[in-house]
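# quick one: sequence and predicted model below, then my questions.
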Amino acid sequence: MKTLPRRQFLRNLGISSAALPFVGGLSSLFGQEASAKPRPQRLVIMFSPNGIVPGKFWPETVGADFVLPSILEPLTPFRDRTLILKGIANKVRGDGDGHMRGMSCLLTGTELAPGNIQGGSDTPAGWASGISIDQEIRNFLQSRPETRSRFGSLEFGVAVPDRADPWTRMSYAGANKPVAPIDDPHQMLERLYGQMKDQESLVSVLDGIASDFKKISSRLSPEDRSLLDQHLTLVREVESEMAQQRRSGAENAGHPVPELDPKIELVNDNTPAISRMQIDLLVNSFANNMARVATLQYMRSVGQARMNWLGVGEGHHDLSHEPDKNTDAQDKLERINKWFCGEFAYLAKRLAETPEPGGAGGSMLDNTLLVWTNELGKGNSHTLDDIPIVMVGGGAGFKMGRSLKVDHVAHNRLWMAVAQGMGHGIGKFGSAPFCEGGALSLS
């Protein structure tokens, strides 16, 4: 049976094209077209900077009987769906300092191109010289009609500074093609739902298509009707929160704003709220099949975020360089990394409590692989060994519920395993010498 294109199908129902971003992923509305598709696989890679506190991060026991250390305690509800992987190394060398290679080679697995960006006392460098794994998998999924989505991938940021260099970019569409994350929820709303000419127009868009939703309500399954309600509620709530922040900022300004030293990176205390809005938008976009791949980047390599909401006033990067014997700094770094883990756990929770659209059964977390990583294994040593890798979810078919230790394995082999788990049977990724031994076995 030939199926109509979705826009034509909606027009035949008398529905405006403005409704498509909200209903495009509602399988029950499109009948056999949706049911013919396989269960989706999704990937999210989350990044946090400046290394970890190894003694508070890695489990003491290898295997299924591991205990989550303090930094990873927020993942307790997902312990049986978690894989902690120690022994992954970024072996890429060449130009650029450790932070630059740690960041821009993290997802690309290939060297930085020659350039004039100076990092520390190392040789200047430029952008990464290859595609990143998120974009590689995005392109693969977009190449097939049954796995194609509206955007393919979405790049979310939280407190990423307004600058572009190898310390701020981890996603690459190809050599010398960095992909900038969007760290303003309002801008992400505009990209996802469109037709917003200014900050006030989203509400009118929602009001204008309210009658459209009434027309299709009877055609939706209970699951899709609930999902549509979640879409609308989330968009209104996020817009309301952003409007409240704008009003609050205008009311509280009332004085000249001093010029800040451009070398000092100040992170607004709204960061925790913005983080949750971005995560909610990410889950919403997945539920509506706007993308099947996403990155979630917190801050940047060498970032000096001051996390006042944690009682930490010092810059994150400065703290990460303190010696291990500085117990106060270690305590604050532990708190910082535990907060990042809490955001990772919140992402898992939101996916776990969202039913897989289309009545396929299970939750979205069952079909999504979450990966949390960092550009360094340890901040004060700048090591690219033991890069933190924590995975949650069932998207790639890996054996979860365990702590696994490998012997100094190149991270290229990890990304090959992720790609293959997502159905993309690549035999090489990034620099060829680091692919010897093939994809890491995680099943």
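It's in. What you see is a predicted model; the values in this text were computed from it and never measured.

# just the helices in the stretch 301-443 of the chain please.
316-320, 327-352, 411-421 (DSSP state H, counting those that start in this stretch).

# tabulate these (CSV), appending distance to D280.
Heads up, the C-betas are built off the backbone N, CA and C, glycines and all. Converted to CSV, these look like this (distance: least, Cβ to Cβ, whole Å):
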stretch, distance to D280
helix 316-320, 24
helix 327-352, 7
helix 411-421, 25
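
# quick check: which of those is buried the most?
Most buried of the helices of the stretch 301-443 of the chain, by mean neighbour count (mean count of other Cβ atoms under 10 Å): helix 411-421, with a mean of 24.

# what's that one packed up against?
strand 82-89, helix 133-142, strand 368-373 (3 or more Cβ pairs under 8 Å, 6 or more residues apart in numbering; DSSP states H and E).

# hang on, the earlier thing: nearest to L83, out of the helices of the stretch 301-443 of the chain?
Evaluated over the helices of the stretch 301-443 of the chain, closeness to L83 peaks at helix 411-421, with 11.0 Å, by Cβ to Cβ.

# chain center to the closest one: distance?
Taking Cα atoms, centre = their mean, to the nearest Å, the mean C-alpha location of helix 411-421 is offset from the chain mean by 17 Å.

# so for it, mean pLDDT?
Average pLDDT, helix 411-421: 98.

# rewinding a little: please name whichever of the helices of the stretch 301-443 of the chain is nearest to R300.
R300 sits nearest to helix 316-320 of all the helices of the stretch 301-443 of the chain, at 9.5 Å, using Cβ to Cβ.

# give me the beta-bridge partners of the residue nearest to Q278 when sequence neighbours are not counted?
With sequence-adjacent residues excluded and distances taken as Cβ to Cβ, 6 or more residues apart in numbering, Q278 is closest to F156, at 4.8 Å. On the basis of DSSP bridges, F156 is bridged to I182, L296.

# sorry, back to before: dump the helices and strands packed on helix 411-421 into TSV; add mean neighbour count as well.
Shown next, in TSV, are the helices and strands packed on helix 411-421 (neighbours: other Cβ atoms under 10 Å):
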stretch	mean neighbour count
strand 82-89	22
helix 133-142	23
strand 368-373	25
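
# and of these, who's closest to A287?
strand 368-373 (10.7 Å).

# by mean pLDDT, point me to the weakest helix or strand of the protein.
Lowest by mean pLDDT, DSSP states H and E among the helices and strands of the chain is helix 32-35, with a mean of 46.

# outside of the next helix or strand after that helix, which residues touch it?
Sequence-wise, the next helix or strand downstream of helix 32-35 (DSSP states H and E) is strand 42-47. Defining contact as Cβ atoms under 8 Å, 6 or more residues apart in numbering, one finds that strand 42-47 is touched by 106-107, 133-134, 137, 170, 282, 286, 292-298, 343-344, 347, 364, 367-375, 395-396, 418, 422.

# ok, stretch 310-327 next?
With contacts defined as Cβ under 8 Å, 6+ apart, stretch 310-327 is touched by 49-51, 264-265, 299, 302-307, 329-330, 332-333, 335-336, 339, 376, 379-380.

# let's see it at 6 Å
The list of residues contacting stretch 310-327 from outside it, by Cβ atoms under 6 Å, 6 or more residues apart in numbering, reads 50-51, 302-306, 329, 332-333, 335, 339, 379-380.

# cool, and stretch 56-65?
The list of residues contacting stretch 56-65 from outside it, by Cβ under 6 Å, 6+ apart, reads 66, 69-71, 86, 334, 401-403, 405.

# please redo it, this time with the cut-off set to 10 Å
For stretch 56-65, the surrounding residues in contact (Cβ atoms under 10 Å, 6 or more residues apart in numbering) are 51-52, 66-73, 79-80, 84, 86-87, 330-331, 333-334, 337-338, 341, 374, 377-378, 386, 388, 390, 399-405.

# now Q135: how far from G174?
Separation of Q135 from G174 (Cβ to Cβ, to the nearest Å): 8 Å.

# circling back to that earlier point, contacting residues around the residue nearest to Q278?
Residues in contact with F156 (Cβ under 10 Å, 6+ apart) are 44, 46, 181-183, 185, 188, 275, 277-279, 281-282, 285, 294-298.
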